[in-house]
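Asks: Below are the sequence and a predicted model for it; my questions follow.
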Amino acid sequence: MGTGRKVLKHPASAALLILAFIALSCASHGPGGGFDTGRGPFFPVEKDFEWGFIDGKGNIVIPYKYEGAVDFSEDRALVKMDGKWGYINPYGIMVITPEFEEAEKFSEGLAQVKIDGRYGYIDKVGKIVSEPMFEQSEPFSEGLASVKINGRWGYINKEGKMVIEPRYERAFSFSDGYALIVEDGKGGYIKKNGSVFIKPKYEWAEGFSEGLACVLADGKYVYIDEFGEVKLKTDFERARHFKETYADLLKLTDSAPVMVWTGLLVAGCLALPLVFGAY
């Protein structure tokens with residue numbers, strides 16, 4: 001299950017990046033992730049090769065009986081039975097029959113599912129709203145989803161209509177009104193009308209978050225604004241997007257990578273890094 005990350009080419013070693021992402025995941029989530037369903041946050045857990053859900057106190061709220069499980073999103077959780085994926089509600093009731101080869105969490109009321117080797121989208125009662133015809137797909141974000149057809153990426157709306165024609169080598173979800181696209185191995189950005197406002201030129205790039213996007217330009221990680229202007233330079237070997245005024249950064253030392261969090265000051269300067277882990 002799943003789709004590609006917003007990554008193009010990267011000069012750092014794979015091992016160091018894996019460590020970085022593990023550290024980020026461990027710092028952000030509990031076991032298996034979790035979601036507040038209204039009954040309380042539930043977490044998927046495995047015991048004796050079967051999956052169920054527990055609450056924040058460790059109480060079993062949905063029995064161990066599934067071959068696989070993914071945390072709740074929009075009051076639906078993915079579960080696997082007899083080799084197929086379906087969805088349950090917070091009370092453990094199967095609301096969408098397990099019939100999909102692959103499936104993803106709900107986003108903006110719709111979820112990606114794979115049928116006969118192709119991806120489409122369903123609503124929260126299991127109705128197909130976009131026929132499975134895509135080679136790959138991304139979750140809906142800001143009303144649009146990027147999809148791959150005939151080897152190229154474009155965007156559909158929630159009615160399944162292609163609103164940005166499939167012309168890109170790669171295309172990712174919209175955030176802050178913009179989407180990262182890839183052409184000839186370089187990252188650039190488009191608006192919701194499909195117009196390119198930052199031409200593909202970056203060696204590596206991520207989507208916009210809080211008005212900034214992290215890109216790799218001339219071997220350096222920088223943060224650009226929606227005009228493509230550099231607003232913040234770094235000397236870090238790995239950087240990621242801002243979220244709630246903080247960015248995830250990786251500093252490599254002689255002995256090991258060190259993960260740090262650092263804030264963005266009003267003046268556009270980096271705050272004193274706070275080391276929260278060394279691996």
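Replies: Yep, that arrived.
Asks: hey, let's count contacts and neighbours off CA atoms from now on
Replies: Fine.
Asks: burial of the nearest residue to residue 216 once chain neighbours are set aside, as a residue count?
Replies: Beyond its immediate neighbours in the sequence, the residue positioned closest to residue 216 (Cα to Cα, 6 or more residues apart in numbering) is residue 204, lying 5.0 Å away. Summarising burial for residue 204: neighbours were counted as other Cα atoms under 10 Å, giving 22.
Asks: who are the neighbours in contact with residue 84?
Replies: Remark: with contacts taken as Cα atoms under 8 Å, 6 or more residues apart in numbering, residue 84 is in contact with 98, 99, 100, 101, 102.
Asks: 7 Å - rerun?
Replies: By Cα atoms under 7 Å, 6 or more residues apart in numbering, the contact list for residue 84 reads 98, 99, 100, 101.
Asks: Correct me if wrong, but the second one is in a strand.
Replies: Same thing as residue 99. Yes - Residue 99 sits within a strand when classified using DSSP: H, G, I helix; E, B strand; the rest coil.
Asks: That one - how many residues pack around it?
Replies: Per other Cα under 10 Å, the neighbour tally for residue 99 reads 18.
Asks: Test my guess that it contacts residue 82.
Replies: No - counting by Cα atoms under 7 Å, residue 99 stays clear of residue 82, with 9.2 Å between them.
Asks: Could you list the buried residues of stretch 183-200?
Replies: For stretch 183-200, the buried set under the neighbour-count rule, 16 or more other Cα atoms under 10 Å, comprises 185, 186, 187, 188, 189, 190, 192, 196, 198, 199, 200.
Asks: Turn these into TSV, including distance to residue 213.
Replies: Putting the buried residues of stretch 183-200 into TSV (distance: Cα to Cα, whole Å) gives the following:
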residue	distance to residue 213
185	18
186	15
187	11
188	11
189	10
190	13
192	17
196	15
198	11
199	14
200	14
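Asks: From those residues, which land in strands?
Replies: Judged by DSSP state E, the subset of the buried residues of stretch 183-200 located in strands is 186, 187, 188, 189, 190, 196, 198, 199, 200.
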